[in-house]
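Participant: only the shape, not the letters, is given here:
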DNA sequence: ACTTGACTCTCCCCCAAGGGCAGGCCTTAT
DNA sequence: ATAAGGCCTGCCCTTGGGGGAGAGTCAAGT
């Protein structure tokens, strides 16, 4: 039997283009090529080889690899090393894609959550905070440096992170240039390292308010929350906390009007 | 601040080639290009955009997708649809690679096993066969057609297959052209369909011999096994079974000298 | 024998995301 | 002023083909 390229293409479900490419690369050379017309004619042996090629292609081998394997091996058992290599390759691709997948999922989740919260108006509320494990990095400087501290800490702690970025403010008053604060993340586990302190952050009774808008007008919300505390006759404890529910994103700086920040102040009384 | 392309490359860990490509594609256009020398100069805003590009590239977006996203969105929440699409893409890649991975693992396992058995000499042995669930396809024809039946059945049953291909021979004598046999696979579960019979294959006391070599000389091994049965005073039952431990592979036909076939004959007595 | 329609040939350009190199211009420091 | 190192454009290469142009071929019907 002798098959023209079109017939052979239908038999093997390989496109004519592919067959010509395989011929050029000497991966699948037609049994007969008409010297005058250049027409390719395939036979049974070509068909067997084409089947092998398709299987190996389905295993994600490149054409060059397939050529080597088919030319140098006569039995499947000789393919074992190549198969093992390819298996490792595939498995590391899977690992990589899994990481990407969970990173995207996390980002989507985060965006969804902050979209949901964006239409609400927020009131001062009282709640009970739980004790959590945090990794903190103490800094002195301007409030704007909080962002840098967060990205630093994020890179250090990577996959141990278990919640949204926070900052603890140790000053009882507003300080322009010399504020004393600590950026931190809730974490699953970790150890002290490079100025990073890992410890429990005690919970307790707390007055909280979600602030919507740019950080420049955080003062308004602080005013509201302190008025509330005063009204109730509570006594505010230090450090106060800011939880950055939605801030400048990883990708865009975003619109500061949509930033969400929860101010939490532990109180006594 | 104004950075030359080399400086900017070091800052962003993007190669100079990439930066020039991104410029050409208008993905990342330098803040300033010297009209006379063509030198590119980048600024802070370029740096922010480069960071975004790197993140999206890490998420496996193409440059064109990244350009669209960065040009048309001002906030991360607007990226949600694209992120979800990409997540689906990534997840289907993971599924695909997982299938490849398990197929390769199976093939490796199979090859390893048959390599191990290849140095042994085999003797007739007695053993107890368990009852198994099989999918069988009854055929009449030549013994050479067994191969075709097996690939047909393999394609139908796919992932339900739970063991090596077998054939059941219902003739008490050797038949050249008109043999009555049934190719089958052990399976996990399944239903009758298109002439495929799914049922239990009863086990029992059995005399078995692993035959090494081409199918043409299976007769020699049958002679040995029947001699043994006769010696012991057993009574052979039909159908007899052949289990194709190693035959022509998926990829190569392989060397028939290394084929391994277990002949199993249930006996009474 | 001729025509016609379906096949097939080679050759060239295209995709993504750059890598590598050649030949020439530019900047900067000494 | 000069040298070293930076930067420019332009061209070819990679993988696994897809698309199409223009020309030649094959097989069947008339």
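Facilitator: Thanks, I have it. Keep in mind that this is a model prediction, so the values were computed, not measured.

Participant: for the rest of this, base every contact and every neighbour count on C-alpha atoms.
Facilitator: OK.

Participant: quick one, strands of chain A?
Facilitator: Along chain A, counting by DSSP state E, strands occupy A:3-4, A:32-33, A:40-42, A:125-129, A:132-141, A:166-169, A:179-186, A:196-201, A:204-212, A:235-236, A:240-246, A:260-268.

Participant: partners of the last one, with directions?
Facilitator: Read it as strand A:260-268. According to DSSP bridges, strand A:260-268 has the following sheet partners: strand A:204-212 (antiparallel), strand A:235-236 (antiparallel), strand A:240-246 (antiparallel).

Participant: now the first one: buried residues?
Facilitator: Put plainly, it is strand A:204-212. Residues A:205-212 are the ones in strand A:204-212 that count as buried (16 or more other C-alpha atoms under 10 Å in any protein chain shown).

Participant: swap in stretch A:98-109?
Facilitator: Under 16+ other C-alpha under 10 Å, the buried positions of stretch A:98-109 are A:98, A:100-101, A:104, A:107-108.

Participant: who's in contact with that stretch?
Facilitator: B:58-60, B:80, B:83-84, B:87, B:90-91, B:94 (C-alpha atoms under 8 Å, 6 or more residues apart in numbering or on different chains).

Participant: go on, stretch A:197-212?
Facilitator: For stretch A:197-212, the surrounding residues in contact (C-alpha under 8 Å, 6+ apart) are A:122-137, A:190-192, A:218, A:221, A:225, A:229, A:257-268.

Participant: one more: stretch A:262-269?
Facilitator: A:203-211, A:222, A:233-245.

Participant: next, count neighbours for residue A:14.
Facilitator: Residue A:14 has 16 neighbours, counted by other C-alpha atoms under 10 Å in any protein chain shown.

Participant: repeat for residue A:197
Facilitator: Neighbour count for residue A:197, taken as other C-alpha under 10 Å: 17.

Participant: same question for residue A:61.
Facilitator: 18.

Participant: need the pLDDT of it.
Facilitator: For residue A:61, the model assigns a pLDDT of 97.

Participant: any idea how far it is from residue A:9?
Facilitator: 21 Å (C-alpha to C-alpha, to the nearest Å).

Participant: got the buried residues for stretch A:82-93?
Facilitator: Across stretch A:82-93, burial judged by 16+ other C-alpha under 10 Å covers A:83, A:86-87, A:90-91, A:93.

Participant: tell me the bridge partners for the closest residue to residue A:163 other than its chain neighbours.
Facilitator: Using C-alpha to C-alpha, 6 or more residues apart in numbering or on different chains and skipping the chain neighbours, the partner closest in space to residue A:163 is residue A:186 (5.3 Å). Bridge pairing for residue A:186 (DSSP bridges) gives the partners residue A:134.

Participant: could you pull up the contacting residues of residue A:186?
Facilitator: Contact partners of residue A:186, counting by C-alpha under 8 Å, 6+ apart, are A:132-135, A:161-165.

Participant: how many other residues sit next to residue A:51?
Facilitator: Residue crowding around residue A:51 was assessed by other C-alpha under 10 Å; the count is 18.

Participant: kindly report the same for the one 5 residues further on.
Facilitator: By the measure other C-alpha under 10 Å, the count of residues near residue A:56 is 21.

Participant: OK, contacts around the nearest residue to it once chain neighbours are set aside?
Facilitator: In this structure, residue A:56 finds its nearest non-sequential neighbour in residue A:66, 6.6 Å apart by C-alpha to C-alpha, 6+ apart. Under the criterion of C-alpha under 8 Å, 6+ apart, the neighbours of residue A:66 are A:27, A:53, A:56-57.

Participant: now, those that are in helices?
Facilitator: The helices, defined by DSSP state H, take in A:53, A:56-57 from the contacts of residue A:66.

Participant: any chance of CSV for those residues, columns pLDDT and distance to DNA strand D?
Facilitator: Shown next, in CSV, are the ones in helices among the contacts of residue A:66 (pLDDT from 0 to 100; distance: C-alpha to the nearest atom of the strand, whole Å):
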residue, pLDDT, distance to DNA strand D
A:53, 97, 9
A:56, 97, 10
A:57, 97, 7
